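J.: Got a sequence here, can you model it:
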Amino acid sequence: MASGPVATLRICMEAAALAWDAANAAARASGVVLSPMASREDPDRALAVIRKVWGQEAMPRALIVAFRHAGVIFYGAEAGAGREIVGFVLGFPGWDGGLHVHSHMLGVLPDWQSRGVGYALKLAQRAACLDRGIVEVRWTFDPMVSKNAWFNLVKLGAAGRRFFLDFYGDMPDLINRGDSTDRFEVVWALNSERVALAVARGSRPPSVEGPILVGAQNGLGHLAPIVTGEAPGPGVRVTVPRDYHGLRARDPELGRAWREACREAFAACFEQGLVPIWITHEGQYIFERRDSVFPGAQGSG
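T.: Coordinates of the predicted model:
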């Protein structure tokens, strides 16, 4: 049986055809058409989305132009007769720990969010990577935002691998301004069984239930965090607010209390070799042993 880079590329090409089928089906379901952002006008079209989602200072135009010129993975979602760009995904190659694409930005206009546009764009990113023989995508996200965690871990089938305290430092955009930028780094293993199950909507939550490290004072009301003092172990759970940004806007002190309680719990889990693989609809992360999720992976990050 053939092996090596040629065989790997052939397998990726076969998988890419199926991946494009899934991406285009998701796009049709969300009312958009997927298209590569390759024209000279596309950086400005993407910038219009960025300004509406993150604000004026989130990304310099020149950097988007450079990304487009370099031919990075850059796809848009177009809608309507005027082919308006309502969302885009942008990622660039990385080599740390092996060739991968770092997915830097996924943005969807507010009126088009929660329609499946972001999902279609991520599936396009997956297919485009497989076209190029790339089988891993990574990105970071704020672990306090439970809806993003659900999208990343459950709907896409990615898994957390590293935890970074204040990863970006101070950020000027509308979403992150004045907050710590703690981040989970997730790994999306494009040809894995975990991802295949997620795309086929066959994912199931872990069967092991461990102790709760952080709970909520008022159940699903998430009025205040409760630090239980339990020790991390497989199946351990950490609760985050259902709407962290809304809570933080209403009560900045309470937002900081949640951030501090959860960051300590996350750090304790990663120090014990545990990584996040699931989040419930109620906002509880479930952690499992790193070596069972990433066999052979080194370091805790």
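J.: could you give the mean pLDDT of the lengthiest strand in the chain?
T.: As assigned by DSSP state E, the longest strand anywhere in the chain is strand 84-94. Here strand 84-94 scores 97 as its mean pLDDT.
J.: do the same with stretch 39-51
T.: So the average pLDDT for stretch 39-51 ends up being 95.
J.: buried residues in it?
T.: 42-43, 45-47, 49-51 (16 or more other C-beta atoms under 10 Å). For every residue, glycine as well, the C-beta is placed using N, CA and C.
J.: Quick check: of these, which lies closest to G98?
T.: The shortest gap between G98 and any of the buried residues of stretch 39-51 belongs to A46, at 28.0 Å (C-beta to C-beta).
J.: distance of that closest one from V72?
T.: Distance, A46 to V72, by C-beta to C-beta, to the nearest Å: 12 Å.
J.: can you list residues touching both of the two?
T.: L90 (C-beta atoms under 8 Å, 6 or more residues apart in numbering).
J.: what packs against the longest strand of the chain?
T.: helix 42-53, helix 61-70, strand 73-79, strand 100-108, helix 117-131, strand 136-141 (3 or more C-beta pairs under 8 Å, 6 or more residues apart in numbering; DSSP states H and E).
J.: Poorly predicted segments of the stretch 51-200 of the chain, please.
T.: Within the stretch 51-200 of the chain, the segments meeting pLDDT under 70 span 174.
J.: Kindly reformat the buried residues of stretch 39-51 as TSV and extend each row with distance to S35.
T.: Output for these, formatted as TSV (distance: C-beta to C-beta, whole Å):
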residue	distance to S35
D42	9
P43	14
R45	10
A46	12
L47	17
V49	14
I50	18
R51	20
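J.: returning to that earlier point: quick one: closest of the helices and strands packed on strand 84-94 to P36.
T.: Here strand 73-79 is closest among those (C-beta to C-beta), at 5.9 Å.
J.: can you list the residues that contact the closest one?
T.: Counting by C-beta under 8 Å, 6+ apart, 27, 30-38, 42, 45-46, 67-68, 84-92, 101, 103, 108, 112, 117, 120-121, 124-125, 128-129 sit against strand 73-79.
J.: switch to 7 Å and redo it
T.: 27, 31-37, 42, 45, 67-68, 84-91, 101, 117, 120-121, 124-125, 128-129 (C-beta atoms under 7 Å, 6 or more residues apart in numbering).
J.: Check stretch 122-134 too.
T.: 8-9, 12, 15-16, 19-20, 22-23, 26, 34, 73, 75, 89, 91, 99-101, 103, 106, 137, 156, 190.
J.: OK, contacts around the most centrally placed residue in the chain?
T.: Using C-alpha atoms, centre = their mean, the residue of the chain that lies closest to the mean C-alpha position is N152, 4.3 Å off. N152 makes contact with 141, 158, 186, according to C-beta under 7 Å, 6+ apart.
J.: closest one to L197 among the helices and strands packed on strand 84-94?
T.: Nearest of the helices and strands packed on strand 84-94 (C-beta to C-beta): helix 117-131, 14.1 Å.
J.: could I have the closest one exported to PDB, CA atoms only?
T.: C-alpha atoms of helix 117-131 as PDB (Å, rounded to 0.1, in the frame of the first residue of the first chain):
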ATOM      1  CA  VAL A 117     -23.100  31.200   8.000                       C
ATOM      2  CA  GLY A 118     -20.100  30.800  10.300                       C
ATOM      3  CA  TYR A 119     -20.500  27.100  10.200                       C
ATOM      4  CA  ALA A 120     -20.500  27.100   6.400                       C
ATOM      5  CA  LEU A 121     -17.400  29.300   6.400                       C
ATOM      6  CA  LYS A 122     -15.500  26.900   8.700                       C
ATOM      7  CA  LEU A 123     -16.500  23.900   6.600                       C
ATOM      8  CA  ALA A 124     -15.200  25.900   3.500                       C
ATOM      9  CA  GLN A 125     -11.900  26.500   5.400                       C
ATOM     10  CA  ARG A 126     -11.700  22.700   6.200                       C
ATOM     11  CA  ALA A 127     -12.200  21.800   2.500                       C
ATOM     12  CA  ALA A 128      -9.700  24.400   1.300                       C
ATOM     13  CA  CYS A 129      -7.100  23.100   3.700                       C
ATOM     14  CA  LEU A 130      -7.700  19.500   2.600                       C
ATOM     15  CA  ASP A 131      -7.300  20.700  -1.000                       C
END
